[in-house]
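>>> return a 3D structure for these sequence lines:
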Amino acid sequence: MENEQSSGDTLLGKNDPLLVIIDMQERLIPVIADKEMVIENVVRLAKFSRIIGLPVVITEQQNLGDPLPEIREELKDSEPITKLEFNCFGSNAFSKRVRKQDRKTLIIAGIEAHICVAQTALHAYPDVAVHVVSDAVSSRSLHNRDVALHRMRQQGITVTSTEMVIYELLGKAGTDTFREALKLVK
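Numbers count the residues shown, from 1 in each chain. Predicted coordinates:
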């Protein structure tokens, strides 16, 4: 099957993943390390999800404001799930929405890497494949982000990058989808 993930394949397949964007919120982002890079890459992933029809689930931690306007603009049809839990799967609404998508791979981006991102990724794996997008996650300190990425990698979670996700899901050049997506990486 063309560009679909098999059980032994670590590459992303376009018909399998679900993009999860965690807590990219107005009141939290100002204190995040490398926030400009994280915002840029999460917005890229959101735009790319529209181009290829990748389903998206967005979360927001209660009392930390709305998701960033540039992300909401790209994902108008994705209603954010408000939660109190750090592990997104602790939220019944999140668990139900993810189950409803019936996908075997989660692509995770957002903040904070060492709290909500890590707890969600570690909970999901190994029941589903988990790809954490290293340049689309961060924490208040780079040390905490790096520790989180290291821990997740040690546990078997795939640590990837925004461009790796885009090119793996595209699978090949020369298509209209490729040409549209290319604008996001040039």
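
>>> in CSV, list the C-alpha atoms belonging to stretch 42-50.
What follows is stretch 42-50, C-alpha atoms only, in CSV (Å, rounded to 0.1, in the frame of the first residue of the first chain):
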residue,chain,number,x,y,z
VAL,A,42,2.7,24.5,15.2
VAL,A,43,1.1,27.0,12.7
ARG,A,44,3.0,25.1,9.9
LEU,A,45,1.6,21.8,11.1
ALA,A,46,-1.9,23.3,11.4
LYS,A,47,-1.7,24.6,7.8
PHE,A,48,-0.3,21.3,6.6
SER,A,49,-3.1,19.4,8.3
ARG,A,50,-5.6,21.4,6.2
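
>>> list the buried residues in it.
Residues 42-49 are the ones in stretch 42-50 that count as buried (16 or more other C-beta atoms under 10 Å). Every residue, glycine included, has its C-beta placed from N, CA and C.

>>> residue 57: which of those residues is nearest?
Of all the buried residues of stretch 42-50, residue 57 sits closest to residue 49, with 10.6 Å by C-beta to C-beta.

>>> now name the helix or strand holding that closest one.
helix 35-52 (DSSP states H and E).

>>> returning to that earlier point: can you add distance to residue 22 and pLDDT and give the buried residues of stretch 42-50 back as CSV?
Output for the buried residues of stretch 42-50, formatted as CSV (distance: C-beta to C-beta, whole Å; pLDDT from 0 to 100):
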residue, distance to residue 22, pLDDT
42, 10, 98
43, 15, 98
44, 16, 98
45, 12, 98
46, 13, 98
47, 18, 97
48, 17, 97
49, 15, 96
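
>>> mean confidence for stretch 125-136?
Stretch 125-136 comes out with an average pLDDT of 96.

>>> what of stretch 160-178?
Computed over stretch 160-178, the average pLDDT equals 95.

>>> residues in contact with it?
With contact meaning C-beta atoms under 8 Å, 6 or more residues apart in numbering, stretch 160-178 is reached by 2-3, 11-14, 17, 41, 44-45, 48, 51-52, 54, 107, 131-136, 181, 184-185.
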